[in-house]
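K.L.:
quick one, structure for this:
(4 chains)
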There are 2 protein chains.
Amino acid sequence: MSSEHTHYPMPYVRVDLCVFTLMQGVLSVLLIQRQEPPHRGAWALPGGALRIDIEKTLEDAAKRVARERLQVPIPYLREQGFVGGQGHYESGKWAISIVYRALVRSEYFAPEPGKRVAGTQWIPVEEAIADEHLPFGHTGVIEAAAAALRQEVEALDFPFEILDSEFTLGELQHQSEVLLGTKLDKSSFRRRLAARDHLEPTGTMTQGSASRPAQLYRVKKRTT
Amino acid sequence: MSSEHTHYPMPYVRVDLCVFTLMQGVLSVLLIQRQEPPHRGAWALPGGALRIDIEKTLEDAAKRVARERLQVPIPYLREQGFVGGQGHYESGKWAISIVYRALVRSEYFAPEPGKRVAGTQWIPVEEAIADEHLPFGHTGVIEAAAAALRQEVEALDFPFEILDSEFTLGELQHQSEVLLGTKLDKSSFRRRLAARDHLEPTGTMTQGSASRPAQLYRVKKRTT
DNA sequence: TTAATAGTGTCTATCAGACATTATTTG
DNA sequence: CAAATAATGTCTGATAGACACTATTAA
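P.N.:
Reported below is the predicted structural model:
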(Lines give C-alpha, C1' and ligand atoms only; values in the text may rest on other atoms or scores of the structure.)
Protein backbone atom coordinates (compact mmCIF):
# COMPACT_ATOMS: atom_id res chain seq x y z
CA MET A 1 0.00 0.00 0.00
CA SER A 2 1.38 3.36 -0.91
CA SER A 3 2.24 5.89 1.71
CA GLU A 4 -0.38 8.55 2.19
CA HIS A 5 1.81 11.37 1.02
CA THR A 6 3.36 10.04 -2.11
CA HIS A 7 3.27 12.33 -5.02
CA TYR A 8 0.02 14.11 -4.62
CA PRO A 9 0.06 17.39 -6.45
CA MET A 10 0.37 20.20 -3.94
CA PRO A 11 -1.14 23.68 -4.09
CA TYR A 12 0.71 26.90 -4.58
CA VAL A 13 1.39 28.19 -1.06
CA ARG A 14 1.77 31.88 -0.38
CA VAL A 15 2.46 33.89 2.74
CA ASP A 16 0.58 37.17 2.93
CA LEU A 17 1.09 40.02 5.37
CA CYS A 18 -1.56 42.20 6.96
CA VAL A 19 0.54 45.09 8.24
CA PHE A 20 -1.23 47.76 10.28
CA THR A 21 -0.11 51.14 11.43
CA LEU A 22 -1.52 54.41 12.69
CA MET A 23 -1.54 57.10 10.02
CA GLN A 24 -2.83 60.49 11.06
CA GLY A 25 -4.86 58.98 13.80
CA VAL A 26 -6.42 56.26 11.70
CA LEU A 27 -5.76 52.54 11.71
CA SER A 28 -4.42 51.77 8.27
CA VAL A 29 -3.28 48.72 6.38
CA LEU A 30 -0.42 48.41 3.94
CA LEU A 31 -1.26 47.53 0.34
CA ILE A 32 1.11 47.04 -2.54
CA GLN A 33 0.46 47.52 -6.20
CA ARG A 34 1.08 44.31 -8.05
CA GLN A 35 3.63 44.33 -10.81
CA GLU A 36 2.84 40.84 -12.05
CA PRO A 37 -0.25 38.91 -12.94
CA PRO A 38 -2.63 37.81 -11.71
CA HIS A 39 -4.32 41.14 -11.04
CA ARG A 40 -1.37 43.09 -12.34
CA GLY A 41 -1.72 46.74 -11.36
CA ALA A 42 -4.23 46.00 -8.63
CA TRP A 43 -3.65 46.84 -4.99
CA ALA A 44 -3.46 43.91 -2.60
CA LEU A 45 -1.79 42.68 0.55
CA PRO A 46 1.94 42.11 0.22
CA GLY A 47 2.82 38.47 -0.05
CA GLY A 48 4.91 35.95 -1.82
CA ALA A 49 5.45 32.31 -2.54
CA LEU A 50 6.60 30.10 0.28
CA ARG A 51 10.19 29.16 -0.45
CA ILE A 52 10.83 25.87 1.22
CA ASP A 53 14.20 25.70 -0.47
CA ILE A 54 15.55 28.68 1.44
CA GLU A 55 13.65 28.88 4.73
CA LYS A 56 12.72 26.62 7.58
CA THR A 57 9.59 28.11 9.12
CA LEU A 58 6.50 30.00 8.02
CA GLU A 59 7.54 32.93 10.13
CA ASP A 60 10.86 33.04 8.30
CA ALA A 61 8.88 33.19 5.10
CA ALA A 62 6.81 36.10 6.39
CA LYS A 63 9.95 37.98 7.33
CA ARG A 64 11.53 37.36 3.96
CA VAL A 65 8.38 38.56 2.21
CA ALA A 66 8.63 41.81 4.17
CA ARG A 67 12.27 42.21 3.21
CA GLU A 68 11.76 41.42 -0.44
CA ARG A 69 8.54 43.26 -1.12
CA LEU A 70 8.78 46.14 1.31
CA GLN A 71 12.52 46.38 1.96
CA VAL A 72 12.06 46.63 5.69
CA PRO A 73 12.44 44.22 8.57
CA ILE A 74 9.26 43.44 10.43
CA PRO A 75 8.62 42.90 14.14
CA TYR A 76 5.43 41.74 15.90
CA LEU A 77 4.27 38.91 13.71
CA ARG A 78 1.18 37.02 14.74
CA GLU A 79 -0.51 34.12 13.04
CA GLN A 80 -3.74 35.34 11.55
CA GLY A 81 -5.18 32.43 9.62
CA PHE A 82 -5.47 30.89 6.23
CA VAL A 83 -7.52 31.16 3.09
CA GLY A 84 -7.40 29.14 -0.04
CA GLY A 85 -9.01 26.86 -2.52
CA GLN A 86 -9.18 26.27 -6.18
CA GLY A 87 -9.00 29.56 -8.02
CA HIS A 88 -7.99 31.47 -4.92
CA TYR A 89 -4.92 32.96 -6.55
CA GLU A 90 -5.15 32.12 -10.22
CA SER A 91 -8.24 31.00 -12.01
CA GLY A 92 -8.50 27.24 -11.99
CA LYS A 93 -5.38 26.67 -9.92
CA TRP A 94 -5.20 25.63 -6.30
CA ALA A 95 -3.57 28.01 -3.87
CA ILE A 96 -3.37 28.62 -0.13
CA SER A 97 -2.47 31.83 1.64
CA ILE A 98 -0.97 31.70 5.09
CA VAL A 99 -1.68 35.09 6.65
CA TYR A 100 0.42 36.84 9.28
CA ARG A 101 -0.60 40.01 11.04
CA ALA A 102 1.69 42.83 12.09
CA LEU A 103 1.50 46.21 13.76
CA VAL A 104 4.27 48.71 13.15
CA ARG A 105 5.22 52.29 13.87
CA SER A 106 5.07 54.26 10.69
CA GLU A 107 8.04 56.39 11.74
CA TYR A 108 10.25 53.34 11.81
CA PHE A 109 8.62 51.31 9.10
CA ALA A 110 9.00 52.97 5.75
CA PRO A 111 8.14 50.45 3.07
CA GLU A 112 9.69 50.90 -0.33
CA PRO A 113 8.50 49.01 -3.39
CA GLY A 114 10.69 45.93 -3.68
CA LYS A 115 10.71 42.88 -5.88
CA ARG A 116 7.58 42.65 -8.07
CA VAL A 117 6.01 45.65 -6.35
CA ALA A 118 5.03 48.75 -8.28
CA GLY A 119 4.07 50.84 -5.27
CA THR A 120 3.10 50.82 -1.64
CA GLN A 121 0.30 52.64 0.10
CA TRP A 122 -1.23 52.87 3.55
CA ILE A 123 -4.97 52.95 3.37
CA PRO A 124 -7.46 53.31 6.22
CA VAL A 125 -8.84 49.97 7.28
CA GLU A 126 -12.41 51.16 6.91
CA GLU A 127 -11.74 52.06 3.31
CA ALA A 128 -10.05 48.77 2.60
CA ILE A 129 -12.96 46.86 4.04
CA ALA A 130 -15.41 48.89 2.02
CA ASP A 131 -13.47 48.15 -1.15
CA GLU A 132 -14.96 45.00 -2.60
CA HIS A 133 -12.49 45.01 -5.44
CA LEU A 134 -9.48 43.78 -3.51
CA PRO A 135 -8.31 40.57 -5.12
CA PHE A 136 -7.70 37.17 -3.50
CA GLY A 137 -10.38 37.71 -0.89
CA HIS A 138 -8.15 40.23 0.82
CA THR A 139 -11.09 42.34 1.88
CA GLY A 140 -12.21 39.60 4.21
CA VAL A 141 -8.69 38.91 5.39
CA ILE A 142 -8.17 42.54 6.36
CA GLU A 143 -11.50 42.68 8.12
CA ALA A 144 -10.71 39.60 10.20
CA ALA A 145 -7.20 40.76 11.00
CA ALA A 146 -8.35 44.22 12.09
CA ALA A 147 -10.99 42.65 14.31
CA ALA A 148 -8.39 40.40 15.91
CA LEU A 149 -6.05 43.33 16.47
CA ARG A 150 -8.74 45.47 18.04
CA GLN A 151 -9.79 42.65 20.28
CA GLU A 152 -6.24 42.44 21.56
CA VAL A 153 -6.19 46.12 22.31
CA GLU A 154 -9.55 46.04 24.04
CA ALA A 155 -8.32 43.25 26.26
CA LEU A 156 -5.17 45.31 26.95
CA ASP A 157 -3.28 42.32 25.66
CA PHE A 158 -1.49 45.07 23.94
CA PRO A 159 1.14 45.06 21.25
CA PHE A 160 3.51 47.12 23.33
CA GLU A 161 6.05 46.54 20.59
CA ILE A 162 4.89 49.63 18.80
CA LEU A 163 5.84 51.94 21.64
CA ASP A 164 9.32 52.96 22.75
CA SER A 165 10.84 50.71 25.36
CA GLU A 166 9.85 53.36 27.90
CA PHE A 167 6.60 55.22 27.57
CA THR A 168 4.01 57.13 29.55
CA LEU A 169 0.52 55.92 30.25
CA GLY A 170 -0.78 58.88 28.31
CA GLU A 171 1.07 57.74 25.22
CA LEU A 172 -0.19 54.21 25.69
CA GLN A 173 -3.74 55.41 26.04
CA HIS A 174 -3.46 57.55 22.96
CA GLN A 175 -2.20 54.61 20.90
CA SER A 176 -5.05 52.46 22.14
CA GLU A 177 -7.59 55.11 21.29
CA VAL A 178 -6.36 55.43 17.76
CA LEU A 179 -6.23 51.68 17.28
CA LEU A 180 -9.78 51.28 18.51
CA GLY A 181 -11.10 54.42 16.92
CA THR A 182 -12.79 55.49 20.14
CA LYS A 183 -12.00 57.67 23.14
CA LEU A 184 -11.15 55.93 26.39
CA ASP A 185 -11.58 57.17 29.92
CA LYS A 186 -8.26 57.89 31.59
CA SER A 187 -9.16 56.70 35.04
CA SER A 188 -10.73 53.51 33.84
CA PHE A 189 -7.93 52.81 31.41
CA ARG A 190 -5.33 53.05 34.16
CA ARG A 191 -7.34 50.92 36.53
CA ARG A 192 -7.68 48.17 33.97
CA LEU A 193 -4.00 48.42 33.12
CA ALA A 194 -3.00 48.14 36.75
CA ALA A 195 -5.13 45.05 37.13
CA ARG A 196 -3.25 43.37 34.27
CA ASP A 197 0.03 44.03 36.06
CA HIS A 198 2.10 43.98 32.89
CA LEU A 199 3.86 47.30 33.35
CA GLU A 200 6.26 48.72 35.89
CA PRO A 201 7.45 52.29 36.45
CA THR A 202 11.03 52.97 35.47
CA GLY A 203 11.43 55.47 38.29
CA THR A 204 12.23 58.35 35.96
CA MET A 205 9.88 61.00 34.65
CA THR A 206 9.45 62.79 31.36
CA GLN A 207 11.04 66.26 31.11
CA GLY A 208 10.37 69.50 29.29
CA SER A 209 6.85 68.71 28.25
CA ALA A 210 5.14 72.06 28.81
CA SER A 211 2.96 70.25 31.29
CA ARG A 212 3.31 68.11 34.34
CA PRO A 213 5.97 65.39 33.95
CA ALA A 214 4.73 61.84 33.59
CA GLN A 215 6.02 58.61 35.01
CA LEU A 216 7.75 56.41 32.46
CA TYR A 217 6.80 52.74 32.33
CA ARG A 218 8.26 49.65 30.78
CA VAL A 219 6.88 46.19 30.11
CA LYS A 220 7.57 43.78 32.94
CA LYS A 221 9.70 40.83 32.07
CA ARG A 222 7.51 37.81 31.68
CA THR A 223 7.80 35.20 34.36
CA THR A 224 6.42 32.54 32.05
CA MET B 1 11.48 38.23 -15.72
CA SER B 2 9.96 35.06 -14.47
CA SER B 3 6.61 35.04 -12.78
CA GLU B 4 6.77 34.83 -9.02
CA HIS B 5 5.15 31.46 -8.80
CA THR B 6 6.93 29.45 -11.40
CA HIS B 7 8.14 26.10 -10.30
CA TYR B 8 9.05 26.67 -6.70
CA PRO B 9 8.95 23.42 -4.80
CA MET B 10 5.90 23.36 -2.57
CA PRO B 11 5.49 21.80 0.85
CA TYR B 12 3.43 18.79 1.71
CA VAL B 13 0.06 20.22 2.82
CA ARG B 14 -2.14 18.35 5.27
CA VAL B 15 -5.52 19.05 6.78
CA ASP B 16 -5.85 17.99 10.40
CA LEU B 17 -8.98 17.79 12.50
CA CYS B 18 -9.38 18.65 16.14
CA VAL B 19 -12.70 16.98 16.96
CA PHE B 20 -14.11 17.53 20.42
CA THR B 21 -16.94 15.86 22.22
CA LEU B 22 -18.30 15.37 25.71
CA MET B 23 -17.51 11.92 27.08
CA GLN B 24 -18.84 11.12 30.52
CA GLY B 25 -18.90 14.76 31.42
CA VAL B 26 -15.42 15.55 30.19
CA LEU B 27 -14.33 17.51 27.16
CA SER B 28 -12.43 15.03 25.03
CA VAL B 29 -10.58 15.07 21.75
CA LEU B 30 -10.47 12.41 19.10
CA LEU B 31 -7.13 10.77 18.37
CA ILE B 32 -6.36 8.10 15.83
CA GLN B 33 -3.64 5.54 15.92
CA ARG B 34 -1.44 5.91 12.89
CA GLN B 35 -1.06 2.95 10.61
CA GLU B 36 1.69 4.46 8.49
CA PRO B 37 4.94 6.24 9.12
CA PRO B 38 5.96 8.71 10.25
CA HIS B 39 5.16 7.89 13.87
CA ARG B 40 3.50 4.62 12.93
CA GLY B 41 1.58 3.29 15.89
CA ALA B 42 1.48 6.65 17.63
CA TRP B 43 -1.73 8.45 18.51
CA ALA B 44 -2.31 11.77 16.82
CA LEU B 45 -5.01 14.02 15.42
CA PRO B 46 -6.78 12.62 12.38
CA GLY B 47 -5.65 14.24 9.19
CA GLY B 48 -4.64 13.66 5.65
CA ALA B 49 -3.01 15.09 2.61
CA LEU B 50 -4.76 17.90 0.82
CA ARG B 51 -6.03 16.48 -2.46
CA ILE B 52 -6.22 19.35 -4.88
CA ASP B 53 -7.01 16.91 -7.64
CA ILE B 54 -10.34 15.93 -6.14
CA GLU B 55 -11.57 18.89 -4.05
CA LYS B 56 -12.07 22.59 -4.43
CA THR B 57 -11.87 24.03 -0.93
CA LEU B 58 -10.02 23.40 2.29
CA GLU B 59 -13.28 22.70 4.03
CA ASP B 60 -14.05 20.03 1.45
CA ALA B 61 -10.71 18.51 2.32
CA ALA B 62 -11.52 18.52 6.02
CA LYS B 63 -14.82 16.78 5.34
CA ARG B 64 -13.18 14.17 3.16
CA VAL B 65 -10.58 13.51 5.84
CA ALA B 66 -13.39 12.85 8.30
CA ARG B 67 -15.07 10.48 5.88
CA GLU B 68 -11.91 8.61 4.98
CA ARG B 69 -10.26 8.35 8.36
CA LEU B 70 -13.25 8.23 10.66
CA GLN B 71 -16.03 7.03 8.35
CA VAL B 72 -18.44 9.67 9.57
CA PRO B 73 -19.70 12.95 8.18
CA ILE B 74 -18.76 15.98 10.21
CA PRO B 75 -20.75 19.12 11.00
CA TYR B 76 -19.58 22.33 12.72
CA LEU B 77 -16.22 22.96 11.13
CA ARG B 78 -14.32 26.06 12.16
CA GLU B 79 -10.96 27.27 10.98
CA GLN B 80 -8.49 26.81 13.76
CA GLY B 81 -5.10 27.79 12.37
CA PHE B 82 -1.96 26.46 10.85
CA VAL B 83 1.33 24.93 11.86
CA GLY B 84 4.24 23.91 9.76
CA GLY B 85 7.82 24.19 8.82
CA GLN B 86 10.71 22.06 7.81
CA GLY B 87 10.54 18.76 9.63
CA HIS B 88 7.01 19.37 10.85
CA TYR B 89 5.72 16.10 9.46
CA GLU B 90 8.72 14.13 8.32
CA SER B 91 12.27 14.80 9.33
CA GLY B 92 13.92 17.15 6.90
CA LYS B 93 10.85 17.66 4.74
CA TRP B 94 8.67 20.75 4.59
CA ALA B 95 5.05 20.38 5.60
CA ILE B 96 2.10 22.53 6.59
CA SER B 97 -0.97 21.50 8.55
CA ILE B 98 -4.20 23.37 8.10
CA VAL B 99 -6.23 22.73 11.24
CA TYR B 100 -10.02 22.67 11.51
CA ARG B 101 -11.89 22.42 14.77
CA ALA B 102 -15.14 20.54 15.33
CA LEU B 103 -17.54 19.78 18.13
CA VAL B 104 -19.76 16.75 17.83
CA ARG B 105 -22.28 14.73 19.81
CA SER B 106 -20.77 11.42 20.66
CA GLU B 107 -24.15 9.67 20.31
CA TYR B 108 -24.29 10.63 16.66
CA PHE B 109 -20.61 10.63 15.84
CA ALA B 110 -19.20 7.16 16.10
CA PRO B 111 -15.82 7.15 14.42
CA GLU B 112 -14.57 3.89 12.99
CA PRO B 113 -10.98 3.36 11.92
CA GLY B 114 -10.83 4.12 8.21
CA LYS B 115 -8.07 4.38 5.67
CA ARG B 116 -4.60 4.27 7.26
CA VAL B 117 -6.08 4.31 10.74
CA ALA B 118 -5.42 1.51 13.21
CA GLY B 119 -7.75 2.75 15.91
CA THR B 120 -9.69 5.69 17.27
CA GLN B 121 -9.96 6.94 20.81
CA TRP B 122 -11.51 9.82 22.69
CA ILE B 123 -9.19 11.15 25.28
CA PRO B 124 -9.82 13.93 27.80
CA VAL B 125 -8.38 17.21 26.65
CA GLU B 126 -6.48 17.70 29.88
CA GLU B 127 -4.75 14.38 29.34
CA ALA B 128 -3.93 15.17 25.74
CA ILE B 129 -2.42 18.49 26.71
CA ALA B 130 -0.37 16.86 29.43
CA ASP B 131 0.97 14.33 26.97
CA GLU B 132 4.13 15.79 25.53
CA HIS B 133 4.60 12.81 23.28
CA LEU B 134 1.97 13.64 20.71
CA PRO B 135 3.68 13.96 17.35
CA PHE B 136 3.55 16.86 14.90
CA GLY B 137 3.14 19.45 17.61
CA HIS B 138 -0.40 18.23 18.16
CA THR B 139 -0.22 18.91 21.87
CA GLY B 140 -0.07 22.62 21.19
CA VAL B 141 -2.70 22.42 18.50
CA ILE B 142 -5.15 20.72 20.85
CA GLU B 143 -4.44 23.21 23.59
CA ALA B 144 -5.11 26.16 21.31
CA ALA B 145 -8.23 24.61 19.84
CA ALA B 146 -9.69 23.77 23.25
CA ALA B 147 -9.02 27.32 24.42
CA ALA B 148 -10.78 28.72 21.37
CA LEU B 149 -13.74 26.43 21.90
CA ARG B 150 -14.09 27.31 25.55
CA GLN B 151 -13.87 30.98 24.76
CA GLU B 152 -16.80 30.56 22.41
CA VAL B 153 -18.83 28.86 25.08
CA GLU B 154 -17.97 31.47 27.70
CA ALA B 155 -19.16 34.18 25.36
CA LEU B 156 -22.34 32.15 24.73
CA ASP B 157 -21.39 32.29 21.09
CA PHE B 158 -22.36 28.72 21.42
CA PRO B 159 -22.06 25.80 19.06
CA PHE B 160 -25.73 25.04 19.25
CA GLU B 161 -25.10 22.47 16.54
CA ILE B 162 -24.43 19.86 19.14
CA LEU B 163 -27.89 20.06 20.64
CA ASP B 164 -31.13 18.83 19.17
CA SER B 165 -32.95 21.38 17.07
CA GLU B 166 -35.18 21.93 20.09
CA PHE B 167 -33.74 21.88 23.57
CA THR B 168 -34.33 23.13 27.07
CA LEU B 169 -32.26 25.76 28.79
CA GLY B 170 -31.30 23.18 31.37
CA GLU B 171 -29.81 20.99 28.68
CA LEU B 172 -27.97 23.93 27.20
CA GLN B 173 -26.56 24.90 30.56
CA HIS B 174 -25.46 21.37 31.24
CA GLN B 175 -23.61 21.21 27.93
CA SER B 176 -21.90 24.49 28.67
CA GLU B 177 -20.85 23.35 32.10
CA VAL B 178 -19.28 20.21 30.76
CA LEU B 179 -17.51 22.08 27.99
CA LEU B 180 -16.08 24.59 30.40
CA GLY B 181 -15.46 22.13 33.17
CA THR B 182 -17.10 24.42 35.73
CA LYS B 183 -20.52 24.89 37.29
CA LEU B 184 -22.60 27.82 36.12
CA ASP B 185 -25.28 29.71 37.98
CA LYS B 186 -28.72 29.05 36.52
CA SER B 187 -30.12 32.51 37.00
CA SER B 188 -27.09 34.24 35.64
CA PHE B 189 -26.80 31.86 32.72
CA ARG B 190 -30.36 32.55 31.65
CA ARG B 191 -29.97 36.27 32.03
CA ARG B 192 -26.89 36.32 29.86
CA LEU B 193 -28.55 34.05 27.35
CA ALA B 194 -31.59 36.32 27.15
CA ALA B 195 -29.37 39.32 26.54
CA ARG B 196 -27.84 37.61 23.51
CA ASP B 197 -31.32 37.12 22.05
CA HIS B 198 -30.30 34.13 19.96
CA LEU B 199 -33.00 31.74 21.13
CA GLU B 200 -36.76 31.65 20.94
CA PRO B 201 -39.28 29.41 22.69
CA THR B 202 -41.01 26.90 20.49
CA GLY B 203 -44.20 27.13 22.51
CA THR B 204 -44.18 23.47 23.48
CA MET B 205 -42.93 21.92 26.68
CA THR B 206 -41.08 18.75 27.56
CA GLN B 207 -43.21 15.85 28.78
CA GLY B 208 -42.82 12.90 31.11
CA SER B 209 -39.68 14.09 32.82
CA ALA B 210 -40.40 13.14 36.42
CA SER B 211 -40.10 16.81 37.19
CA ARG B 212 -41.58 20.08 36.08
CA PRO B 213 -41.86 20.38 32.29
CA ALA B 214 -39.46 22.77 30.63
CA GLN B 215 -39.94 25.18 27.79
CA LEU B 216 -38.31 24.07 24.56
CA TYR B 217 -36.21 26.57 22.66
CA ARG B 218 -34.76 26.75 19.21
CA VAL B 219 -32.10 28.94 17.63
CA LYS B 220 -33.52 32.06 16.05
CA LYS B 221 -33.02 32.38 12.35
CA ARG B 222 -30.23 34.82 11.73
CA THR B 223 -31.22 38.11 10.27
CA THR B 224 -27.71 38.67 8.96
C1' DT C 1 -46.03 13.20 50.47
C1' DT C 2 -40.88 13.54 48.30
C1' DA C 3 -37.59 14.11 44.64
C1' DA C 4 -36.37 16.54 40.83
C1' DT C 5 -35.98 20.17 37.82
C1' DA C 6 -37.98 24.73 35.90
C1' DG C 7 -38.29 29.38 36.34
C1' DT C 8 -37.77 33.77 38.72
C1' DG C 9 -36.54 37.32 42.20
C1' DT C 10 -33.24 39.62 45.26
C1' DC C 11 -28.94 40.98 47.10
C1' DT C 12 -24.19 42.03 46.59
C1' DA C 13 -19.52 42.52 44.80
C1' DT C 14 -17.12 43.91 40.90
C1' DC C 15 -15.93 46.79 37.37
C1' DA C 16 -16.04 50.17 33.71
C1' DG C 17 -17.30 54.75 32.37
C1' DA C 18 -18.34 59.65 33.64
C1' DC C 19 -16.67 63.27 35.84
C1' DA C 20 -14.33 66.14 39.23
C1' DT C 21 -10.25 67.54 41.62
C1' DT C 22 -5.62 68.28 42.66
C1' DA C 23 -0.64 68.34 41.10
C1' DT C 24 3.14 69.95 38.39
C1' DT C 25 5.36 71.64 34.70
C1' DT C 26 6.34 75.63 30.74
C1' DG C 27 5.62 80.02 28.94
C1' DC D 1 -1.04 84.10 35.91
C1' DA D 2 -2.99 80.48 31.95
C1' DA D 3 -2.56 76.24 29.46
C1' DA D 4 -1.64 71.60 29.37
C1' DT D 5 -1.28 67.15 30.95
C1' DA D 6 -0.58 63.81 35.03
C1' DA D 7 -2.52 61.36 38.58
C1' DT D 8 -6.12 60.14 41.51
C1' DG D 9 -10.72 60.02 43.81
C1' DT D 10 -15.77 59.52 43.75
C1' DC D 11 -20.16 58.30 42.01
C1' DT D 12 -23.13 55.56 39.24
C1' DG D 13 -24.97 52.10 36.19
C1' DA D 14 -24.44 47.57 34.33
C1' DT D 15 -23.74 42.89 35.12
C1' DA D 16 -22.48 38.39 36.95
C1' DG D 17 -22.59 35.27 40.72
C1' DA D 18 -24.73 33.58 45.08
C1' DC D 19 -28.70 32.17 46.87
C1' DA D 20 -33.47 31.73 47.94
C1' DC D 21 -38.00 30.86 46.73
C1' DT D 22 -41.99 29.26 44.16
C1' DA D 23 -43.93 26.09 40.42
C1' DT D 24 -44.98 21.76 38.37
C1' DT D 25 -44.42 17.25 37.20
C1' DA D 26 -43.81 11.77 38.35
C1' DA D 27 -43.68 8.24 41.55
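K.L.:
what count of nearby residues applies to the closest residue to residue A:181 other than its chain neighbours?
P.N.:
Nearest residue to residue A:181 in three dimensions, chain neighbours excluded: residue A:27, at 6.6 Å (Cβ to Cβ, 6 or more residues apart in numbering or on different chains). Any C-beta I mention is one placed from the backbone N, CA and C, and that applies to glycine too. Counted with other Cβ atoms under 10 Å in any protein chain shown, the neighbours of residue A:27 add up to 22.
K.L.:
contact partners for the nearest residue to residue A:22 once chain neighbours are set aside?
P.N.:
Residue nearest to residue A:22 in three dimensions, not counting chain neighbours: residue A:178, with 4.8 Å by Cβ to Cβ, 6+ apart. Taking Cβ atoms under 8 Å, 6 or more residues apart in numbering or on different chains as the contact definition, residue A:178 lies against A:22, A:25-27.
K.L.:
got it, and residue A:220?
P.N.:
A:197-200.
K.L.:
show the end-to-end separation of stretch A:100-108, please.
P.N.:
Terminal residues of stretch A:100-108 are spaced 19 Å apart (Cα to Cα, to the nearest Å).
K.L.:
residues making contact with that stretch?
P.N.:
Among residues not part of stretch A:100-108, those counted as contacts by Cβ under 8 Å, 6+ apart are A:15-23, A:58-59, A:62, A:66, A:74-80, A:122, A:145, A:148-149, A:159, A:161-162.
K.L.:
which residues touch stretch A:183-198?
P.N.:
Applying Cβ under 8 Å, 6+ apart, the contact partners of stretch A:183-198 are A:156, A:158, A:160, A:169, A:172-173, A:176-177, A:199, A:219-220.
K.L.:
sheet partners, orientation included, of the longest strand anywhere in chain A?
P.N.:
Longest strand in chain A by number of residues (criterion: DSSP state E): strand A:12-23. Partner strands and pairing direction for strand A:12-23 (DSSP bridges) are strand A:26-34 (antiparallel), strand A:47-49 (antiparallel), strand A:94-103 (parallel).
K.L.:
turn the ones you listed into JSON lines, columns for mean pLDDT.
P.N.:
Conversion of these to JSON lines gives the following (pLDDT from 0 to 100):
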{"stretch": "strand A:26-34", "mean pLDDT": "96"}
{"stretch": "strand A:47-49", "mean pLDDT": "96"}
{"stretch": "strand A:94-103", "mean pLDDT": "97"}
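K.L.:
what residues sit buried inside the lengthiest helix in chain A?
P.N.:
Scanning chain A for the helix with the most residues, using DSSP state H, yields helix A:138-154. Using 16 or more other Cβ atoms under 10 Å in any protein chain shown as the test for burial, helix A:138-154 gives A:138-139, A:141-142, A:144-146, A:149-150, A:152-153.
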